[in-house]
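A.B. asks: Could you work out the structure for the sequence below:
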Amino acid sequence: MNKSSFSSNRGPAVNKSISAKSVRVITDKGEMLGVLQIEEALRMASDSDELVVDLPKLQRNTGVPAEISSEWKPDSVRATHSNAILMQVEISLEAVSDRITALGTAILHWTAQCRRCLEATSGSTSIDINEIFEKGASEGETFELPLGEKLDLRPMLAEQAMLNLPVAALCSKSCTGPIDTEFLTNSSPSNTGENPEEFKDPRWDVLDQLKFSDE
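C.D. replies: You can find the predicted model right below:
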C-alpha cells in the first residue's frame, strides 16, 4: 500500500517520533510534559489494557486486522480553557509489510468554558484515526514503531485529544454572553440615570474655557 494513503491532513506538522516527541500535555500542576513525562502521565491516568497491543502477535498475522474497542480517560490532557474527559475508541490495527496501520474513529468527550458567557459547558468531538507506526518515522507524518513487544496506542490518542480540544467553546450557538445585571456590561452614566458631570475628570476643566471662532 502507498504510505501516503494513510497519512492524515491535520494542518501544522506535529513531531510523532516517540524519541523526539513534543506534545502539549499538561499535568494538574500546570507543568508541560516532554517525551519521557508523557508516558508517566499516561500511567497515572486510567489504564486500559486494550490500548496496549501485543506487537509480535499482530505482526505474525500480516493482513489480518485486529479490532480494538475501548474507553480511556486522558485525565492529563488539557488546553487553556478545556479538558479531555473520555475517549471512546474504535480502531482497526493491521500489520502491512514493515509497518502498522491504525484506522478508525475516536469520540472525545470534553468540558470547557464558554467563550461568551464564561459558564461551564461540555461536548464531544468525533476524530478520524488514520495513522501509521513504522521504524524511522517521518516527522509530522508517522509514529515510531517501538522496539519492544508492546505497542501503546495512548500516546497517539493523547496527541489526537490535544489537537481536537476546543480552543473557544460555545455553550450554544444562541448564547448572548453574560447577564447584564451580573457583569454590568452596559453601566455607562447615560443608561443608569446618573449625572454625567459626576464622572468628569476636573483636570479637563481648562479645556471648557477654550473658544474657537468659526472659519
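
A.B. asks: And Gly148, what's its pLDDT?
C.D. replies: We have a pLDDT of 82 for Gly148.

A.B. asks: From Arg99, how far out is it?
C.D. replies: Gly148 sits 16 Å away from Arg99, going by CB to CB, to the nearest Å. Where C-beta positions appear, they are placed from N, C-alpha and C, glycine not excepted.

A.B. asks: could you point out which element follows the helix or strand of the chain with the lowest mean pLDDT?
C.D. replies: Ranked by mean pLDDT, DSSP states H and E, the weakest helix or strand in the chain is helix 35-44, scoring a mean of 46. Counting by DSSP states H and E, the next helix or strand C-terminal to helix 35-44 is strand 52-54.

A.B. asks: counting contacts, what elements does the next helix or strand after that next one pack onto?
C.D. replies: Per DSSP H and E, the first helix or strand lying C-terminal to strand 52-54 is helix 55-60. Secondary-structure packing of helix 55-60 (3 or more CB pairs under 8 Å, 6 or more residues apart in numbering; DSSP states H and E): strand 82-96, strand 99-113, strand 150-152.

A.B. asks: Neighbouring strands - and their directions - for whichever strand or helix holds Phe133?
C.D. replies: Using DSSP H and E, Phe133 sits within strand 120-134. Using DSSP bridges, strand 120-134 pairs in its sheet with strand 99-113 (antiparallel), strand 143-144 (parallel).

A.B. asks: Now mean neighbour count too, for these, in CSV please.
C.D. replies: Formatted as CSV, the strands paired with strand 120-134 follow (neighbours: other CB atoms under 10 Å):
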stretch, mean neighbour count
strand 99-113, 19
strand 143-144, 20
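
A.B. asks: List the beta-bridge partners for the nearest residue to Ile127 once chain neighbours are set aside.
C.D. replies: Closest residue to Ile127 apart from its sequence neighbours, by CB to CB, 6 or more residues apart in numbering: Ala106 at 4.5 Å. Per DSSP bridges, the residues bridged to Ala106 are Val89, Ile127.

A.B. asks: measure Ala106 to Lys211 for me?
C.D. replies: Distance, Ala106 to Lys211, using CB to CB: 72 Å.

A.B. asks: Output the below-cut-off pLDDT ranges for this structure.
C.D. replies: Applying pLDDT under 70 to the chain flags residues 1-48, 180-199, 214-215.

A.B. asks: Mind doing that once more with 90?
C.D. replies: For the chain, the stretches with pLDDT under 90 are 1-50, 59-64, 74-76, 78-81, 96-98, 135-141, 146-149, 168, 173, 175-215.

A.B. asks: Next, Val206: phi, psi?
C.D. replies: Backbone geometry at Val206, expressed as degrees, to the nearest 10, gives phi -60, psi -30.

A.B. asks: Equivalent analysis for Thr142, please.
C.D. replies: Phi and psi for Thr142, reported as degrees, to the nearest 10, are phi -130, psi 170.

A.B. asks: Can you tell me who the closest residue to it other than its chain neighbours pairs with across the strands?
C.D. replies: In space, and not counting its chain neighbours, Thr142 is closest to Ile132: 4.3 Å by CB to CB, 6+ apart. When assigned by DSSP bridges, Ile132 has beta-bridge partners Thr101.
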